[in-house]
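**Q** Quick one: sequence and predicted model below, then my questions.
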Amino acid sequence: MLDIQLIRANPDQIKNDLARRGIDPPIDKILELDSDRRSLLAKVEGLKAERNKTSKDIGRMQEDSQRKKMIAAMRSLGTEIDKLDRRTADLEAELHQLMIYIPNLPHPSVPDGVDEADNVVIKEVGEKKPFAFEPKPHWELGPDLGIINFEQGVKITGTRFYVLSGAGARLQRALISWMIDLHIRQGYLEKYMPFMVREETLFAAGQLPKFEDNLYRDHEDDRWMIPTSEVTLTGLHMQEILDGSKLPLRYTAFSACFRREKMSAGRDVRGIKRGHQFDKVEMYVYCIKEDSDQEMERMMAHAEETCSQLGLAYRQLELSAGDLGFTARKTYDIEVWAPGSGEWLEVSSLSNCGDFQARRANIRFREKEGEPTQFPHTLNGSGLALPRTLIAIMENYQQADGSIVVPEVLKPWMGGVEVIEQEEER
RNA sequence: GGAGGGAUGGCCGAGUGGACUAUGGCGGCGGUCUUGAAAACCGCUGUGGGGCAACCCACCGGGGGUUCGAAUCCCUCUCCCUCCGCCA
């Protein structure tokens, strides 16, 4: 959510910033509603002050005709207040309805552009691994080795679900453990969070109301499956006033993520690249606004370390203004090279949300006691999405015979397995 | 799933229709006293909104209602606790 005071003070600046995203939201309507709301508020609050004062007087008076007269007067004043209160509430609701659909303002450093074609490659690290044979895609390697079974996933649940088996399941678990341990060393506090949340939590993180179509939901209770643990890590401090001396707060969490993928139906249907359920290790930071640019670079370095320690060639992209997500003011993507699929795979997306989520979640902090509260900045980034990392490892570490070498850093978690050979299907 | 009890400020806890401008205590901050500290005493100590300001408004878990007036009465939702049932 944007700051209404900011819109009030610099409407043209706000319009220009949002135009960079290629949108033209109803800023003038918002200003009009805001101004109507404030003048109505001044009026109704004056009447309330009068009612409060007179009601107190009534309480002190003896029963007499004067008292009855005042009660009658207050009764009609009450009707008037009710009427104005309702109009104020209507205006506020209308204003709120507009405000919650306005995306975050792009950071000044974000490159211009209308969509992903305008995203900028900042750097490419590592060489695309050369192969003396034609590298296979993971959707062939996995079933051939007996470590991915697509048919079973479809049978059990439906399209875009799969089963990992034996060394495949173990490799994913190894990645999760290794990544979390790495992030702990990088200074993050590990959290294990719920995978289901209430509606309010999704609103706080900026997923609702706009992206309702992409979420799984239990209609009987107010329970929604999270699309990312960014949601729960934002919810962690909802409605709190944090102690400023404790910032920055850095968290890491593993979670399953659930996405209906209605927006991308038909895309990336082969393999495990885009499922309805996937695992992810997330990094999340709450910090003061002065630190957020540097926290972003820091988090980027942490995600890069994940790629480089796994020996994967990767590149860093910065999203153009037109491709930024709803809550983000600046976003870096990390893509790793998948030689079998023959494409760059987005394994991580790191966003600086500024105070946008903190506002929606009502998360504040106070630098020192007695000072006014401020909204912290929040940043989130995948410490890599598991299925795509798995793809990259399988395709990059494959050998001519179809076996897969286990990356050095994962060996401690693989129970002595150094090469994943064909497994008997069970 | 059934029965009952709860939710008040940073924390504990009183308040069941008008002096609540939310009692009291703890903690915190400032002051007096002191060589210094402790103790004692005095004062201050929630959030948001409106207004140039004085000041005003809202908030006692959330929402709605009754009333001239609600922390207090009514409805409803959420959450917590106790017991029973079921359960990894």
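**A** In hand now; what should we look at? Numbering: from 1, shown residues only, chains lettered A, B, ... in the order given.

**Q** can you pull out the strands in the stretch 251-400 of chain A?
**A** Ranges of strands in the stretch 251-400 of chain A, per DSSP state E, counting those that start in this stretch, are A:277-287, A:314-318, A:330-338, A:343-352, A:364-366, A:377-385.

**Q** same deal with the stretch 51-200 of chain A?
**A** A:120-125, A:148-149, A:163-164, A:189-192, A:196-197.

**Q** Who are the packing partners of the first one?
**A** For strand A:120-125, the elements it packs on are helix A:292-309, strand A:314-318, judged by 3 or more CB pairs under 8 Å, 6 or more residues apart in numbering; DSSP states H and E. C-beta coordinates here come from the backbone N, C-alpha and C atoms, glycine included.

**Q** Let me have these in CSV, extended by mean pLDDT, distance to RNA strand B and mean neighbour count.
**A** Below are the helices and strands packed on strand A:120-125 laid out as CSV (pLDDT from 0 to 100; distance: least, CB to the nearest atom of the strand, whole Å; neighbours: other CB atoms under 10 Å):
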stretch, mean pLDDT, distance to RNA strand B, mean neighbour count
helix A:292-309, 96, 20, 18
strand A:314-318, 96, 33, 20
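
**Q** Would you mind listing what in the stretch 151-300 of chain A touches RNA strand B?
**A** Within the stretch 151-300 of chain A, the positions near RNA strand B by CB under 7 Å from any atom of the strand are A:221-222, A:241.

**Q** same thing but 10 Å
**A** Contact residues, the stretch 151-300 of chain A versus RNA strand B (CB under 10 Å from any atom of the strand): A:198, A:200, A:220-223, A:239-241.

**Q** follow-up on the earlier one: can I get the strands of the stretch 51-200 of chain A in CSV with mean pLDDT and distance to A:Pro108?
**A** CSV is the format used below for the strands of the stretch 51-200 of chain A (pLDDT from 0 to 100; distance: least, CB to CB, whole Å):
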stretch, mean pLDDT, distance to A:Pro108
strand A:120-125, 96, 15
strand A:148-149, 94, 44
strand A:163-164, 95, 44
strand A:189-192, 94, 31
strand A:196-197, 90, 33
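
**Q** Rebuild those strands as TSV, extending it with mean neighbour count.
**A** Below are these laid out as TSV (neighbours: other CB atoms under 10 Å):
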stretch	mean neighbour count
strand A:120-125	12
strand A:148-149	21
strand A:163-164	18
strand A:189-192	13
strand A:196-197	19
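
**Q** how much space between A:Gly166 and RNA strand B?
**A** 23 Å (CB to the nearest atom of the strand, to the nearest Å).

**Q** Which residues are in contact with the closest residue to that residue other than its chain neighbours?
**A** Leaving aside its chain neighbours, A:Gly166 sits nearest to A:Glu423 (4.7 Å; criterion: CB to CB, 6 or more residues apart in numbering). Contacts for A:Glu423 were tallied using CB atoms under 8 Å, 6 or more residues apart in numbering; they are A:145-147, A:165-167.
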